[in-house]
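> quick one: sequence and predicted model below, then my questions.
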Amino acid sequence: MFALVGIFVLAQTPGISLDIGPQDEDQPTTVEYVDLERYVGLWYEIARIPNRFQKKCAAGTTAYYSFKEDGKISVVNRCLAGEGKVVRASGIAKVEEAQSNAKLKVSFVRVAGVSLFWGDYWIIGLAEDYRYAVVGTPKRNYGWILARQPQLSAEDLAEVRAILRQEGYDPDAFVMSPQNSPGL
């Protein structure tokens with residue numbers, strides 16, 4: 001968002017965006033293109049900007065993306081709460097910008113079969129081999145670092161920090177996410 005994501009309790013929405021109007025020139029830049037076939041699958045949350053909807057997540061945060069028959073993407077986020085209880089949030093994502101597939105909208109709120117409160121999920125960094133992804137939002141109030149493995153190398157973390165700085169984020173605003181329970 002997970003994200004998570006990039007991205008849990010209640011609305012579980014990474015940056016609800018109901019803004020209508022012209023785009024802000026000072027927004028993060030997304031990657032040129034995301035091959036969604038390669039992007040779907042399991043991601044481990046390496047770090048995030050603290051947020052209210054993941055407050056209960058103490059460790060083992062993951063996001064699993066898979067294609068739905070209607071072309072949207074199923075999103076299942078999981079983590080361990082402080083008392084060891086598994087917290088799970090299910091939602092859907094849809095591509096907002098088909099040219100790049102790097103801007104998505106995610107919703108974790110469904111009422112009477114209608115998804116509500118779509119949040120931005122922008123892929124602003126992505127390793128060539130898809131071993132890590134950096135997810136943000138237009139206002140930079142949410143952000144996630146995701147990886148295919150429970151940990152990132154020091155070199156990859158340095159690359160991610162450089163991406164965050166380049167896109168106007170403060171890398172020190174991100175807190176590391178313990179992954180002592182991989183594969184939740």
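Now that the structure is in, tell me what you want to look at.
> which residues are in contact with the longest helix along the chain?
Ranked by number of residues, the top helix in the chain under DSSP state H is helix 154-166. Applying CB atoms under 8 Å, 6 or more residues apart in numbering, the contact partners of helix 154-166 are 46, 124-125, 127, 131-132, 134, 143, 145, 147, 152, 170-171, 174. All C-beta atoms are positioned from the backbone trio N, CA, C, and that covers glycine.
> what's downstream of the helix or strand of the chain with the lowest mean pLDDT, the next helix or strand?
Least confident helix or strand of the chain, by mean pLDDT, DSSP states H and E, is strand 114-116 with a mean of 79. Later in the chain than strand 114-116, the nearest helix or strand by DSSP states H and E is strand 119-126.
> for that following strand, packing partners?
Counting contacts by 3 or more CB pairs under 8 Å, 6 or more residues apart in numbering; DSSP states H and E, strand 119-126 packs against strand 103-107, strand 132-136, helix 154-166.
> tell me what the second one is packed against?
Read that as strand 132-136. strand 119-126, strand 143-147, helix 154-166.
> how distant is it from the center of its chain?
Distance of strand 132-136 from its chain centroid, counting by CA atoms, centre = their mean, to the nearest Å, is 7 Å.
> report the rounded mean pLDDT for that strand.
Taken as a whole, strand 132-136 has a mean pLDDT of 98.
> do the same with the first one
When the per-residue pLDDT values of strand 103-107 are averaged, the result is 95.
> so what are the sheet partners of it and their directions?
According to DSSP bridges, strand 103-107 has the following sheet partners: strand 86-95 (antiparallel), strand 119-126 (antiparallel).
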